[in-house]
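**Student:** Sequence and computational prediction follow.
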Amino acid sequence: MELSIEALAALSPEQVRLGLPAWVASHLDAEEYVCDRLRRDLARLVQAASDAEILAMRSTFAAAGEGWKFFRADPLARRITRVYMSALMEPRELRGVERLLSFDERGGRRLIVCNHLSYTDTQITDGVLARAGLSSIADRLVAVAGPKVYTETWRRMASIALNTRKTAQSSAVASEQDSMTPRELAAVAIETLAECGRLMDQGYIVLLYPEGTRSRDTRLQPFLRAAARYLQIEGLSVLPLAQTGGDKLFPIDAPRMFRGPVRVAFGQPFRPGEVGGKTGALEEVHKRLQAELPEAYRSTGPRVA
């Protein structure tokens, strides 16, 4: 059951209640009993939602990705996504939770750096933390996202369940920014950094994928040099996040998602000022992230490209 962005954005509250559970569940490739249970769980959730909540979600969906700015998660979309991801992630493993809690408690400006396997990486982190009783942290994550996240119906629906900050991608990996001049790209990058600092000051934790694109072979890729700018934000603390399983849940170019095990492991936090050199902090977080990955996911090349 395919829906365009325009069609989904035009559904009435009653149409959402009638059709959205089946549409969401149709993106899961699993045993029929799993899909049936998911449809029932989603139907109960949407039936309990008020017209105002559904209309607010519809407005958030329609406006997602307009401009280079911060997009706050829609509460109803977040509940829908967490139910959906719970059906996919089996079993779930969370390691280094004490590191995450200590990192959160220290306050100040905080950045989590994660490897990139699929479009569902942030959803996995959000879902695992929420199921572990850490919604207070999951709700404050802000993923730095490229334009592709908002351009397709299913990905856009997932994006509005998360806090995201849309930014231009590095010219080394961008595929949808040909009309932007170097000056325009630089302006977006500068404002993204400034807003990330402001969001951190408000208590948000920014989530960054410095590889710039999804890994095609699951192995950790070199980090883009441009990502070093994030680690130069004043007063920053950095926490490495190693994730596995997203490549199986939502393989590259797959039209639907699958059930499978996921693993979320937090590494040793540090302050960029503790290591020297312009890209020293970037190399350090690559090394610490790699240490938390299974052998099959580890890099075989340089740390920084």
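**Tutor:** It's in.
**Student:** And for G260, nearest residue in space, chain neighbours not counted?
**Tutor:** K248 (4.2 Å; CB to CB, 6 or more residues apart in numbering). Yep, even glycine has a C-beta here, placed from its N, CA and C like the rest.
**Student:** so which strand or helix has L55?
**Tutor:** L55 belongs to helix 51-63 when assigned by DSSP states H and E.
**Student:** what packs against that helix?
**Tutor:** helix 5-9, helix 13-25, helix 75-88 (3 or more CB pairs under 8 Å, 6 or more residues apart in numbering; DSSP states H and E).
**Student:** Let me know the distance separating the residue nearest to G260 from I54.
**Tutor:** Distance check for K248 against I54: by CB to CB, to the nearest Å, it reads 32 Å.
**Student:** Check which helix or strand the closest residue to R229 other than its chain neighbours maps to.
**Tutor:** Nearest-residue entry for R229: L193, 5.8 Å, with adjacent residues in sequence omitted and distances by CB to CB, 6+ apart. Assessed by DSSP H and E, L193 sits inside helix 182-201.
**Student:** List the contacts of T60.
**Tutor:** F71, D74, A77, I160 (CB atoms under 8 Å, 6 or more residues apart in numbering).
**Student:** Could you rerun that using 7 Å?
**Tutor:** D74, A77, I160 (CB atoms under 7 Å, 6 or more residues apart in numbering).
**Student:** May I ask which of those has the most neighbours?
**Tutor:** I160 (27 neighbours; other CB atoms under 10 Å).
**Student:** what's near enough to touch that one?
**Tutor:** T60, F61, A64, A73, D74, A77.
**Student:** from those, which two are the most distant?
**Tutor:** Farthest apart among the contacts of I160 by CB to CB are F61 and A73. That separation is 11.7 Å.
**Student:** Check the protein and tell me which residue is nearest its centre.
**Tutor:** When CA atoms, centre = their mean is applied to the chain, the residue found nearest the centroid is T122 (2.5 Å).
**Student:** Contacts only, for it.
**Tutor:** Neighbours of T122 in contact, by CB under 7 Å, 6+ apart: A143, L162, L207.
**Student:** go again using 10 Å as the cut-off
**Tutor:** 114, 116, 138, 141-145, 149, 158-159, 161-164, 207, 209, 243, 246 (CB atoms under 10 Å, 6 or more residues apart in numbering).
**Student:** Then G301?
**Tutor:** So G301 contacts R219, L220, Q221, P222 (CB under 10 Å, 6+ apart).
**Student:** try it again with 8 Å
**Tutor:** Counting by CB under 8 Å, 6+ apart, the residues that G301 touches are Q221, P222.
**Student:** What of L18?
**Tutor:** Applying CB under 8 Å, 6+ apart, no residues qualify as near L18.
**Student:** What helices and strands are in contact with the longest strand along the chain?
**Tutor:** Counting residues, the longest strand in the chain under DSSP state E turns out to be strand 236-244. Applying 3+ CB pairs under 8 Å, 6+ apart, one finds that strand 236-244 makes contact with helix 97-105, strand 109-114, helix 121-131, strand 260-266, helix 280-291.
**Student:** mind redoing it with 6 Å?
**Tutor:** strand 109-114, strand 260-266, helix 280-291 (3 or more CB pairs under 6 Å, 6 or more residues apart in numbering; DSSP states H and E).
**Student:** Good, we can wrap up now.
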